[in-house]
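**Q** no sequence on hand, only this structure:
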């Protein structure tokens, strides 16, 4: 299993793209598609026209706004340059209505020469090839369903929290995982509702028995503090700060 972090910040971070992960097992897929992450994707050898699976954690703009230029490019390619794979978009309740409205709102999107399928996920796992993806509702904001994802393939596992507070569901999702990529939006000194601090992410990792912890989804204020030091007070395992274009073999 291989993970490429295409975005490790949030909406208007001065140096980071907003959140986006590219996961490679026997299949390849994106999780979230935040602003500026498409530009990072173009800096890699990844063929964007081969991407046919997208998992959304929730419907906030900093996690999906890059779908607009991605779809514009895909529609243009399919109509004028070559054949493109069909696209399947997985996400929480509300994803189908959102995507259908997006396709109707932007001129030309409905003329794509490939099929777009939306699958709204509950708590049942998704089996794709030899990869199993477990969605789990986590606590972010009260008026929106937000999912974390656990990916398992050939005895290896990773979790991406999406946006989440410290909650029992997230700890369960991370149980004994090899790599956990967790929301760490704010420092301990300036916590923000709906997100985690380094100490809270460390507590999740410690209680769940995580092997390696990657902190991500940084707001600019977080960069002014010693996030690794704050996390280490709660978790004595391996911890790294996510960086755009970071690659991790699991």
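**A** Sure, I can see it. It should be emphasised that the depicted structure is a prediction, and the values quoted were computed from it without experimental measurement. Numbers count the residues shown, from 1 in each chain.
**Q** so where do the strands sit in this protein?
**A** Using DSSP state E, the strands of the chain run over 2-7, 20-24, 28-31, 53-55, 87-91, 116-120, 126-128, 131-138, 146-153, 156-160, 179-183, 212-216, 238-241, 246-249.
**Q** include distance to residue 78, mean pLDDT and mean neighbour count when you put those strands into CSV, please.
**A** All C-beta atoms are positioned from the backbone trio N, CA, C, and that covers glycine. Formatted as CSV, the strands of the chain follow (distance: least, CB to CB, whole Å; pLDDT from 0 to 100; neighbours: other CB atoms under 10 Å):
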stretch, distance to residue 78, mean pLDDT, mean neighbour count
strand 2-7, 22, 98, 23
strand 20-24, 21, 98, 23
strand 28-31, 18, 98, 22
strand 53-55, 16, 98, 22
strand 87-91, 10, 97, 21
strand 116-120, 11, 95, 15
strand 126-128, 22, 97, 14
strand 131-138, 26, 98, 21
strand 146-153, 28, 98, 25
strand 156-160, 29, 98, 23
strand 179-183, 32, 98, 28
strand 212-216, 32, 98, 24
strand 238-241, 38, 97, 17
strand 246-249, 29, 97, 14
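**Q** okay, the ones you listed in a markdown table with distance to residue 199 next?
**A** Formatted as a markdown table, the strands of the chain follow (distance: least, CB to CB, whole Å):
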| stretch | distance to residue 199 |
| --- | --- |
| strand 2-7 | 22 |
| strand 20-24 | 23 |
| strand 28-31 | 25 |
| strand 53-55 | 28 |
| strand 87-91 | 30 |
| strand 116-120 | 34 |
| strand 126-128 | 32 |
| strand 131-138 | 18 |
| strand 146-153 | 19 |
| strand 156-160 | 18 |
| strand 179-183 | 12 |
| strand 212-216 | 11 |
| strand 238-241 | 12 |
| strand 246-249 | 22 |
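**Q** looking at those strands, which is closest to residue 44?
**A** Closest approach to residue 44 among those (CB to CB): strand 2-7, 6.6 Å.
**Q** what is that closest one packed up against?
**A** Applying 3 or more CB pairs under 8 Å, 6 or more residues apart in numbering; DSSP states H and E, one finds that strand 2-7 makes contact with strand 20-24, helix 37-41, strand 179-183, strand 246-249.
**Q** what's the first one in contact with?
**A** Think strand 20-24. Residues from elsewhere that reach strand 20-24 (CB atoms under 8 Å, 6 or more residues apart in numbering): 1-7, 28-34, 37, 40-41, 44, 46, 66, 151, 158, 160, 181.
**Q** now the helices and strands packed on strand 2-7 in a markdown table, with distance to residue 170?
**A** Shown next, in a markdown table, are the helices and strands packed on strand 2-7 (distance: least, CB to CB, whole Å):
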| stretch | distance to residue 170 |
| --- | --- |
| strand 20-24 | 16 |
| helix 37-41 | 23 |
| strand 179-183 | 8 |
| strand 246-249 | 20 |
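**Q** give me the nearest residue to residue 116, chain neighbours excluded.
**A** residue 87 (4.9 Å; CB to CB, 6 or more residues apart in numbering).
**Q** isn't the one you found right next to residue 52, touching?
**A** Yes - the pair residue 87 / residue 52 is scored as a contact, 5.4 Å apart, by CB atoms under 8 Å.
**Q** give the residue spans of this protein that score low on pLDDT.
**A** Within the chain, not a single segment meets pLDDT under 70.
**Q** do that again at 80, thanks
**A** 110-111 (pLDDT under 80).
**Q** hmm, what's the outermost residue in it?
**A** Within the chain, residue 80 marks the point farthest from the mean C-alpha position, 30.5 Å out by CA atoms, centre = their mean.
**Q** relative to the whole chain's centre, how far out is the longest helix along the chain?
**A** The longest helix of the chain (DSSP state H) is helix 67-80. How far helix 67-80 lies from its chain's middle: 21 Å, per CA atoms, centre = their mean, to the nearest Å.
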